[in-house]
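>>> Show me how the following folds:
(one chain, ligands or ions: 2)
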Amino acid sequence: MNRKVHIKTYGCQMNEHDTQRMVDMLREEGYTPTDLIEEAGLILVNTCSVRANPENKVYSFLGALRPQKARSPELIVGVAGCVAQQVGESLLAREPLVDFVFGPDNLFRLPEMIEVARQGERRCWTDWQPWEGPVKEFVPEEWVEQGHVEGFKAYIAITKGCNNYCSYCIVPHTRGREVSRSSESILREAQGMIERGAKELWLLGQNVNSYAASPDYGFYELLEELSQLEGLLRLRFTSPHPRDWHNRLADLMAASPVICKHVHLPFQAGSDAVLKVMGRRHSRQDYLDKVRYLRQRIPQVEISTDLIVGFPGETEEDFQQTLDIVEEVRFSQVFPFKYSVRPGTKAAELPDDVLREEKESRLARIIALQDSINEAAQEALIGTEQSVLIDGPHPRIAGRWNGRTDGYRAMTVLADKLQPGELVMARVMSARGHWLQGEVLTADS
Ligand code: 5AD
Ligand code: SF4
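Ligands and ions are numbered 1, 2, ... in the order given. Here you go, the predicted model:
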């Protein structure tokens, strides 16, 4: 039996993390991952349905597999993730080459699903698991104990699902109700990962800062405990929701050398009228007040964001208020998206009334503004000292090493020999596009 597996992953870090878990499980079953799709006996595609664009990519990906499946009928193809959860059974009807379909909640049953597929049964595994109530540990004990650490960065899912139901968003429909793991399990997983080589931990959750193990143990308490773990160099988290962002989190970040000075805080829209229809439950002013406090406590903090242009009913004046926030906050990165109707969401009932050309023009205006802001911000960093965690060698230029600053800017440094996972101090000498370039500072420089 061909036990080479190829996994194609779309979407967010949670999906990447789910893929890593699938790889772990499959290794246990004797599979080895391969980048070469043609040599795989098992192909999995971990899908994203957040917008029409990533969803459509899945169908093209599956279409392109047809010749391979025709050549090797024993090839097994599974579709995972958010599209799978949402579309379910009908994916099997639409794509005859698909052997099984499963949502994020069924991930841990992968070996069983493959076995059923090998026996020739085409099946859809999208039932919700009973994690709610007293059963909160959605991460199986063997992963807590020995989850694989790839390199020096490791993801930890602290919550799953989402209770926010922002009107445009498919996630609560594909990942279910929000569940928080116990802090005991998370701390044990983190400790083990550090022992197995992790230096940078990323806490993941659809709405990471609504984590609540109990009424008096929330995201703040968890972050504080994790930041004190011996051997951990950096602690990051994504994505917090502005509504659940409290100023004391900024105080904690300011006081901790380990918690990175970067917050990805999506604001989605600048106008209160649009925010209301989006169901965001925070106002423009709430957002700006929280950002102002963050900057006051941590002057060097980097803030990045997501926003949507062309939401139903968004007028030019509404959009101007989005531009104003981009102008005022001076984000380190902005991820702007054109509104995309997601069937099954509340916003899908509203007319998608901003013309495509208008959405494109608004997107282009955001990008142009952010590019100029970023250029100035990168220039302003020239001459500063930054701590850089090295990812690895530059792919083409010898003697250059790529990494990330504490604020999550991409930086390349000159040095003879460094190690991935090494933390160095470097001085920024120049800036080009999204990259800072610098020199490593030795102890006496
Ligand atoms: N249309 C466009 N963008 C969306 N996002 C989520 N749902 C939609 C949608 N229906 C964006 C939001 C979110 C990011 C992950 O994707 O900005 O923060
Ligand atoms: Fe895409 Fe959202 Fe699912 Fe992540 S949770 S894979 S962003 S739809």
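
>>> For the rest of this, base every contact and every neighbour count on C-alpha atoms.
Will do.

>>> Where does pLDDT dip in the stretch 101-250 of the chain?
Applying pLDDT under 70 to the stretch 101-250 of the chain flags the ranges 132-135.

>>> now the strands: where do they sit in it?
Counting by DSSP state E, counting those that start in this stretch, the stretch 101-250 of the chain has strands at residues 123-125, 153-157, 159-160, 179-180, 200-204, 212-214, 217-218, 234-238.

>>> Note down every partner strand of the third one and its orientation.
Think strand 159-160. Strand 159-160 has the following sheet partners, assigned by DSSP bridges: strand 179-180 (antiparallel).

>>> The biggest helix by length in the chain and ligand 1, are they touching?
Taking DSSP state H as the criterion, the chain has its longest helix at helix 356-380. No - if you take C-alpha under 6 Å from any ligand atom as the test, helix 356-380 misses ligand 1, and the best it gets is 10.8 Å.

>>> if I look at the closest residue to ligand 2 within the stretch 151-300 of the chain, how far off is residue 12?
Using C-alpha to the nearest ligand atom, residue 171 is the residue of the stretch 151-300 of the chain that sits closest to ligand 2, at 5.0 Å. Residue 171 sits 11 Å away from residue 12, going by C-alpha to C-alpha, to the nearest Å.

>>> These two: which has the busier surroundings?
Taking neighbours as other C-alpha atoms under 10 Å, residue 171 and residue 12 compare with residue 171 leading, 22 against 14.

>>> what sits against that one?
Residue 171 makes contacts with 50, 82, 161-162, as judged by C-alpha atoms under 8 Å, 6 or more residues apart in numbering.

>>> and the residues you listed near ligand 2, which?
Checking those against ligand 2 (C-alpha under 6 Å from any ligand atom), the matches are 50, 82.

>>> if I pick residue 367, what's in contact with it?
Residues in contact with residue 367 (C-alpha under 8 Å, 6+ apart) are 334, 336.

>>> what's the answer for residue 111, then?
Contacts of residue 111 (C-alpha under 8 Å, 6+ apart): 25-26, 29.

>>> closest point of the stretch 251-400 of the chain to ligand 2, which residue?
Nearest residue of the stretch 251-400 of the chain to ligand 2, counting by C-alpha to the nearest ligand atom: residue 342, 10.2 Å away.

>>> hang on, that residue packs against residue 349?
No - look at residue 342 against residue 349 with C-alpha atoms under 8 Å: they stay out of range, at 9.7 Å.

>>> more crowded one of these two?
For residue 342 versus residue 349, the count of surrounding residues by other C-alpha under 10 Å is larger for residue 342: 18 against 14.

>>> Would you mind giving the secondary structure of that one?
coil (DSSP: H, G, I helix; E, B strand; the rest coil).

>>> Would you mind listing what in this structure touches ligand 1?
So the chain meets ligand 1 at 50-51, 168-169, 266, 268, 306-308, 337-342 (C-alpha under 6 Å from any ligand atom).

>>> Using PyMOL, define a selection of the buried residues within those.
Only the buried entries of the residues of the chain next to ligand 1 go into this PyMOL selection, using 16 or more other C-alpha atoms under 10 Å:
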select buried, resi 50+51+168+169+266+268+307+308+337+338+339+340+341+342
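
>>> And for residue 254, nearest residue in space, chain neighbours not counted?
Spatial nearest neighbour of residue 254, excluding adjacent residues (C-alpha to C-alpha, 6 or more residues apart in numbering): residue 298 at 5.8 Å.

>>> Any figure for the gap between that neighbour and ligand 1?
To ligand 1, residue 298 is 24 Å away according to C-alpha to the nearest ligand atom, to the nearest Å.

>>> and residue 23, how many neighbours does it have?
Counted with other C-alpha under 10 Å, the neighbours of residue 23 add up to 19.

>>> Would you mind listing what in this structure touches ligand 2?
Within the chain, the positions near ligand 2 by C-alpha under 6 Å from any ligand atom are 11-12, 14-15, 48-50, 82, 171.

>>> now do 8 Å
10-15, 46-51, 54, 81-83, 170-171, 174-175, 206 (C-alpha under 8 Å from any ligand atom).

>>> from those, which ones fall inside strands?
If you go by DSSP state E, the residues of the chain next to ligand 2 have 46-47 in strands.

>>> Now the buried members of the residues of the chain next to ligand 2.
10-11, 13-15, 46-51, 81-83, 170-171, 174-175, 206.

>>> Please list all residues in contact with residue 181.
When contacts are counted by C-alpha under 8 Å, 6+ apart, residue 181 touches 136-138, 158-159, 213.

>>> Select from these the one having the most neighbours.
Ranked by neighbour count (other C-alpha under 10 Å), these have residue 158 at the top, with 29 neighbours.

>>> how near is that residue to residue 127?
Taken as C-alpha to C-alpha, the span from residue 158 to residue 127 is 21 Å.

>>> so how many other residues sit close to residue 141?
Around residue 141 there are 12 residues (other C-alpha under 10 Å).

>>> And the helices in the stretch 251-400 of the chain?
All helices of the stretch 251-400 of the chain, identified by DSSP state H, counting those that start in this stretch, fall at 272-278, 284-297, 316-329, 356-380.

>>> Domains in the protein, by residue range?
The chain breaks down into these domains under automatic domain parsing: 4-125, 141-380, 385-443.

>>> quick one: which of those is nearest residue 131?
When the domains of the chain are compared by C-alpha to C-alpha, domain 141-380 sits nearest residue 131, at 7.4 Å.

>>> starting at the chain centroid, how far to the closest one?
Relative to the chain's own centre, domain 141-380 is displaced by 9 Å; criterion: C-alpha atoms, centre = their mean, to the nearest Å.

>>> Same question for stretch 18-29.
For stretch 18-29, the distance to the chain centre is 19 Å (C-alpha atoms, centre = their mean).

>>> In CSV, list the C-alpha atoms belonging to that stretch.
Written as CSV, here are the backbone C-alpha positions of stretch 18-29 (Å, rounded to 0.1, in the frame of the first residue of the first chain):
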residue,chain,number,x,y,z
ASP,A,18,-5.0,21.1,12.1
THR,A,19,-2.9,19.9,9.2
GLN,A,20,0.1,19.4,11.6
ARG,A,21,-2.1,17.3,13.7
MET,A,22,-3.2,15.2,10.7
VAL,A,23,0.5,14.7,9.9
ASP,A,24,1.2,13.6,13.4
MET,A,25,-1.7,11.1,13.3
LEU,A,26,-0.7,9.8,10.0
ARG,A,27,3.0,9.3,11.0
GLU,A,28,1.7,7.1,13.8
GLU,A,29,0.0,5.0,11.1
